[in-house]
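Participant: Okay, sequence plus prediction incoming.
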Amino acid sequence: MKWLQTVRNFMPQHKYAINAKLLGDDAELAWSNLGYWQADTQSYPQACQALADQLALAVRLQPEDVLLDIGCGQGASLQHWRQRYQIQQLSAVEMQPACVEKIQKNLNSNAEIHCGSFLNLKQIFPQKRFDAVLCIDAAYHSNLNSFLLSTQSVLNSNGRLGFHTLMLSDHVLNLNALQQLKLRAVLKAADVNLHDLMTEAALRQRLMQFEFKNIQILDFSAQVLAGFAHYAETELKNSIGVKRLDQLKIDMTAKLCRMLFEAGLVRYVQIAVQKD
C-alpha cells in the first residue's frame, strides 16, 4: 500500500487546505488567505496580515473585546490578534481537523479552539456571546443567509461582524443564459455558488433584513484579486517546479483571481456591520 500513501502525500488534506510554504510562509501557524497587496508589500505573510488588519480596523477591534475568529485556517490570525491587538478573550472555529490540531499544539495561549463549521455557531456556543466576530477570506464559500443567521446568533447586542465575500457587479444582470452558465462554472471551481452572490443593493437590503446597522462595504478587488494574481504570476512563477496538486491549486486560484478581476463581473468586498 506504499503507492497509496505516496498518492496521499501529493493530495491536499482538505478542499480548503493550502500549502502555505509554497506561498511563502514557513511559520508553524501560517497565514492562508489571498492577502491585501499594495505597492510596498514585501511578502505573502505581510499581505495576509494586512487583510486581517483591514478587517480589524473596520470593526474597531479593541483589547477588551471578546473575539471570535471563524474559519481561522492554520492559526496565524489568532496569534496576530493576541500580539498586535492584545486580545485576551479569544475563541476560534475551524473546520479542518489538521489545522485545529496544529493550533492547539503551537498556539501559546488559553484561546478556545473548536473544530466545526461556522454555520453552526449556535450549537458550538449555546451560551457564550461575542463583542466581535471576524471571518477572513472565507465567508463566500457558504450561503450568505446561513452565514448571517449563524453569526448573528452569537453576537452581543451592538456586537460587530466583519467578513470578506464576493459581490456581483450590476453588469451581471445583463448576461445571457450562456454567459451566466460560464460564470457559474468558473465560480464553482472555487467552491462558490453563483446563486449565493448578490449585487450591492441586494446585499445591503439583506444585511438590513438581519437587523444590522452601520453597514460598510469596501471593494478590495484590486488589492486582493489582482494583487494575489500578480504575486503568483511573478514571485511564484519561478519557485514552483514539479506541479504537485497543491501547487496546481495555487496556480489555478491565481488564474481564477485574474479572470474575475479582469471580467469585472464579481467583486471582492469587505463588509463590516453592527448588530442593531
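Facilitator: Received it, and whenever you're ready, just let me know what you need.

Participant: shaky segments in this structure?
Facilitator: Counting by pLDDT under 70, the chain contains low-confidence ranges at 1-17, 238-243.

Participant: Which helix in it has the most residues?
Facilitator: Ranked by residue count, the top helix of the chain under DSSP state H comes out as helix 245-263.

Participant: Pull out the buried positions in that helix.
Facilitator: With burial defined by 16 or more other Cβ atoms under 10 Å, the residues of helix 245-263 counted as buried are 246-247, 249-251, 253-254, 256-261. Heads up, the C-betas are built off the backbone N, CA and C, glycines and all.

Participant: Could you single out the nearest of those to residue 173?
Facilitator: Nearest to residue 173 among these, counting by Cβ to Cβ, is residue 260 at 17.1 Å.

Participant: now the buried residues of helix 245-263 in TSV, with distance to residue 115?
Facilitator: Below are the buried residues of helix 245-263 laid out as TSV (distance: Cβ to Cβ, whole Å):
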residue	distance to residue 115
246	21
247	27
249	22
250	25
251	29
253	24
254	29
256	28
257	28
258	33
259	33
260	30
261	33
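
Participant: Contact partners for residue 78?
Facilitator: Counting by Cβ atoms under 8 Å, 6 or more residues apart in numbering, residue 78 touches 29, 69, 72, 90, 92, 103, 107, 109, 111, 113.

Participant: Provide the backbone phi and psi angles at it.
Facilitator: Here is the backbone geometry of residue 78 (degrees, to the nearest 10): phi -60, psi -40.

Participant: Could you do the one 10 residues further on as well?
Facilitator: The phi and psi values for residue 88, taken as degrees, to the nearest 10, are phi -100, psi -30.

Participant: And for the one 3 residues further on?
Facilitator: Dihedral pair for residue 91: phi -130, psi 160, per degrees, to the nearest 10.

Participant: Also residue 271?
Facilitator: Here is the backbone geometry of residue 271 (degrees, to the nearest 10): phi -120, psi 130.

Participant: Run through the bridge partners of it.
Facilitator: residue 163, residue 217 (DSSP bridges).

Participant: In contact with it, which residues are there?
Facilitator: Applying Cβ under 8 Å, 6+ apart, the residues near residue 271 are 161, 162, 163, 164, 165, 203, 207, 215, 216, 217, 218.

Participant: ok, the residues you listed vs residue 85, which is closest?
Facilitator: Nearest member of the contacts of residue 271 to residue 85, counting by Cβ to Cβ, is residue 162, at 12.9 Å.
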